[in-house]
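S.K.: Need coordinates for the below:
(one chain, ligands or ions: 2)
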Amino acid sequence: MKYTLEDQVVLITGGSQGLGKEFAKKYYNEAENTKIIIVSRSEAKLLDTCNEIRLEAHLRRETTDEGQVQHKLAAPLDLEQRLFYYPCDLSCYESVECLFNVLRDLDMLPTQTLCCAGGSVPKLFRGLSGSELNLGMDINYKTTLNVAHQIALAEQTREHHLIIFSSVTALYPFVGYSQYAPAKAAIKSLVAILRQELTNFRISCVYPGNFESEGFTLEQVTKPEITKLIEGPSDAIPCKQACDIIVKSLARGHDDVFTDFVGWMIMGMDLGLTVKKSRFVPLQWLLGVLSNILVVPFYMVGCSWYIKKWFRENDGKKAN
Ligand SMILES: NC(=O)C1=CN([C@@H]2O[C@H](COP(=O)(O)OP(=O)(O)OC[C@H]3O[C@@H](n4cnc5c(N)ncnc54)[C@H](OP(=O)(O)O)[C@@H]3O)[C@@H](O)[C@H]2O)C=CC1
Ligand SMILES: CCCCCCCCCCCCCCCC(=O)[C@@H](N)CO
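M.R.: Ligands and ions are numbered 1, 2, ... in the order given. Reported below is the predicted structural model:
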C-alpha cells in the first residue's frame, strides 16, 4: 500500500500540537482533496490549531478560507471543508467508540490513521506520583490501543494504513523514563501482533528520537540531568524536520521508521523475533550484530558505572 498525502481521510490523534499538528499542516497544505480530522482532549487547543492552520494557508493566499469558521465534526457536514476537529479523551474506550460512531454516520471513516497522542513525564521513579504513573500508560498505550481496535472493527474488509508512534526508548529503556518507556515498548509489541492479524492493513511504527514540540519543552523541565546526558546523542531536531523525515520514509515503503542516526543504530541492535522494514536493513542488521558483540557490553558497563556514580553524588548532595 503506497503512502500518499492526497485523496485520503486522515485521522490524527494528538493533532492539537507538536508532531500531530505538524502532520495536520502538511496534509492541509500539500494535499487538495484530503480530509483531516484532528483529535485531542482540549477543545480550546483544537480550535486554536484549526484557526492557525487555516489562517496561515489564507495568508499565503492559497485558500479563500479566512480561518474564522470552526468545524467540529458533526452533522450536517460542510463538504467544502477539509479540516475538522473532535475533542475526545482517547484513553477511554467508550469515548473512542462514540468518535467512531460519529465518523461512521458522516461517512468519514479514515483511510489513514496517525496515532500521535502521547507524552512523557521524565522523573526518577520515586519522584513520580501515582496519577503520573497511570497517565503514562493511559496517554501512550491506551490511546493507541483503543483507536487501533475501533479501526480494526470498522475496516474489516477495506485497506487501511495505521501509523503508530512509539519512541527510541522502547528499544533502549533508561533512567528517568519509567513512566513512559514501558508504555512505548507495549506499543512495539502490539504492532508486531497487529501486523500478523490485520492482513488488509499496512501498519507502520515510528521510533522517533528527540524533536522539538510543546511536549518536549515541558518534559525538559522535570528531566533528570542523567537522562539528558544519556540521550545526548539524540539532539532535538525541529518538529517540521521530524515530520518530513517520517513522510519520506513512509513514501519509500518503510514501516519501521526512525528520525535520527542513533535511532537507526539502536533499531539494528534490537535483534529478535520481530521483522524489520526500515532503511538499509542488511547494513543495519550487520552493524547491529557487530555492535552487540563489540560495543554494547562495554557501553552498558560504562553506563551502569556512570549512573551509579551519579546517584552516589546526588544522594551525597541531598544528605548535605
Ligand atoms: N518530542 C519528542 O522528543 C518525542 C516524542 N515522541 C512521541 O511522538 C508523539 C508526538 O510527540 P509530541 O509532538 O512531542 O507530543 P506533545 O506532547 O507535544 O502532544 C501530545 C498530543 O497528544 C494529545 N493527547 C494527550 N493525551 C491524550 C488523550 N488521552 N486523548 C487524546 N489526546 C491526547 C495532546 O492534547 P491534549 O492534551 O489536549 O489531549 C497533544 O495534542 C508522542 O506519542 C510522543 O510520545 C517520541 C519520541 C520523541
Ligand atoms: C552502543 C550503544 C550506543 C548507545 C547510544 C545511546 C544514545 C541514546 C539515545 C536515546 C534517545 C532517546 C530519545 C527518546 C526521546 C523520547 O521519547 C522523549 N523525548 C519522550 O517524549
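S.K.: Quick one: name the residues of the stretch 201-320 of the chain near ligand 2.
M.R.: 209-210, 216, 219, 230-231, 233-234, 262, 291, 295-296, 299 (C-beta under 6 Å from any ligand atom). Just so you know, the C-beta spots here come from the backbone N, C-alpha and C atoms, and that holds for glycine as well.
S.K.: now those residues in JSON lines, with pLDDT, neighbour count and secondary structure?
M.R.: Formatted as JSON lines, those follow (pLDDT from 0 to 100; neighbours: other C-beta atoms under 10 Å; DSSP: H, G, I helix; E, B strand; the rest coil):
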{"residue": "209", "pLDDT": "98", "neighbour count": "22", "secondary structure": "coil"}
{"residue": "210", "pLDDT": "98", "neighbour count": "23", "secondary structure": "coil"}
{"residue": "216", "pLDDT": "98", "neighbour count": "17", "secondary structure": "helix"}
{"residue": "219", "pLDDT": "98", "neighbour count": "20", "secondary structure": "helix"}
{"residue": "230", "pLDDT": "97", "neighbour count": "19", "secondary structure": "helix"}
{"residue": "231", "pLDDT": "97", "neighbour count": "21", "secondary structure": "coil"}
{"residue": "233", "pLDDT": "94", "neighbour count": "13", "secondary structure": "coil"}
{"residue": "234", "pLDDT": "95", "neighbour count": "20", "secondary structure": "coil"}
{"residue": "262", "pLDDT": "96", "neighbour count": "18", "secondary structure": "helix"}
{"residue": "291", "pLDDT": "97", "neighbour count": "16", "secondary structure": "helix"}
{"residue": "295", "pLDDT": "97", "neighbour count": "13", "secondary structure": "coil"}
{"residue": "296", "pLDDT": "97", "neighbour count": "14", "secondary structure": "helix"}
{"residue": "299", "pLDDT": "97", "neighbour count": "12", "secondary structure": "helix"}
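S.K.: so who does the residue of the stretch 201-320 of the chain found nearest ligand 2 touch?
M.R.: When distances are taken as C-beta to the nearest ligand atom, the stretch 201-320 of the chain reaches nearest to ligand 2 at residue 234, 3.5 Å away. Residues in contact with residue 234 (C-beta atoms under 8 Å, 6 or more residues apart in numbering) are 168, 209, 210, 260, 262, 263.
S.K.: Over to residue 305?
M.R.: Residues in contact with residue 305 (C-beta under 8 Å, 6+ apart): none are found.
S.K.: in whatever helix or strand it lives in, what counts as buried?
M.R.: Residue 305 is part of helix 296-319, with elements assigned from DSSP states H and E. For helix 296-319, a neighbour-count test (16 or more other C-beta atoms under 10 Å) marks residue 310 as buried.
S.K.: same thing with stretch 93-112?
M.R.: Applying 16+ other C-beta under 10 Å to stretch 93-112 flags 96, 99, 100, 102, 103, 109, 110, 111, 112 as buried.
S.K.: Also stretch 263-273?
M.R.: Residues of stretch 263-273 classed as buried: 263, 264, 265, 266, 267, 268, 269, 270 (neighbour count, 16+ other C-beta under 10 Å).
S.K.: So which of the residues you listed belong to helices?
M.R.: 263, 264, 265, 266, 267, 268, 269 (DSSP state H).
S.K.: Output those in TSV; the columns should cover pLDDT and distance to residue 12.
M.R.: What follows is these, written out as TSV (pLDDT from 0 to 100; distance: C-beta to C-beta, whole Å):
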residue	pLDDT	distance to residue 12
263	97	22
264	96	25
265	96	29
266	97	26
267	96	24
268	95	29
269	96	31
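S.K.: Report the contact partners of the closest residue to residue 230 other than its chain neighbours.
M.R.: Nearest non-adjacent residue to residue 230, counting by C-beta to C-beta, 6 or more residues apart in numbering: residue 174, 5.3 Å away. By C-beta under 8 Å, 6+ apart, the contact set of residue 174 is 181, 227, 230, 231, 303.
S.K.: what does residue 253 give?
M.R.: Counted by C-beta under 8 Å, 6+ apart, residue 253 has contacts 2, 3, 277.
S.K.: Near ligand 1, which residues of the stretch 201-320 of the chain are found?
M.R.: Residues of the stretch 201-320 of the chain lying near ligand 1 (C-beta under 6 Å from any ligand atom): 208, 210, 211, 213, 214, 215, 216.
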